[in-house]
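K.L.:
Please work out how this folds:
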Amino acid sequence: MKFPRPCHIFLLLLVFQVGLGHGLSTSCADISAPLTFSLSNISYKKIEQYPTMATVPNSTQLVFTVVNNANGVSTGCSPQNVEVNGQWGDDSHYWYKCVDRSLEVNGDNVSVSTSAHVIWDEWQLSVNQSWSCGDQSTVRHISTTTLTPSCQEITGAFQYINECTAPDMESPATVQ
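P.N.:
Residues are numbered from 1 along each chain as shown. Below you'll find the model as predicted:
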């Protein structure tokens, strides 16, 4: 039996789509092996007001986008520390919450939680991402890297500003 040419294309598309449908089913095992986190759009800003002009608290903030290359989840993070009464907050053990996302695993929609830890003076950044695999245990990927920023300092009559950017990078992840 000979099909007209448009039918060949339709049949080819139908077979292609059916074949793809089976490959798109994400299982927990498929996305649990750590790969890397892609870090991009990394920028940093520190603003200090001179004491006589301090109308807003001194602050430092790091903003970046992170993609877990094992599960494809992309999210944004913006850790920020603030100086209060002349003292910077001790966030040496604090994990800043990033934007929560969701992921389909084994046919279920699960929440993906991402957080970041920064050691400001060392430019060290850690990313922690976790999700549940249904009735199975929680999967947690973590990565730590040192940023290599380029900075520009601006000193004005009433404030000091340090603005930095760091190049996009891949950071190896491990399971914890």
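K.L.:
dump the residue contacts of the spatially most central residue of the chain.
P.N.:
Geometric centre of the chain, nearest residue: Val66, 2.5 Å, by CA atoms, centre = their mean. Under the criterion of CB atoms under 8 Å, 6 or more residues apart in numbering, the neighbours of Val66 are 37-40, 74-77, 98, 114, 116, 127, 129. All C-beta atoms are positioned from the backbone trio N, CA, C, and that covers glycine.
K.L.:
Which pair of those spans the longest distance?
P.N.:
For these, with distances taken as CB to CB, the pair at the greatest spread is Ser40 and Gln129 (15.5 Å).
K.L.:
And the residue nearest to the centre of the chain, how far from Ser38?
P.N.:
Counting by CB to CB, to the nearest Å, the gap from Val66 to Ser38 is 7 Å.
K.L.:
quick one on the thing from earlier: which of Ser40 and Gln129 has more neighbours?
P.N.:
Here Ser40 and Gln129 are set side by side on neighbour count (other CB atoms under 10 Å), and the busier one is Gln129, at 25 against 14.
K.L.:
now the more buried one: how far from Arg140?
P.N.:
As for Gln129, its distance to Arg140 is 7 Å (criterion: CB to CB).
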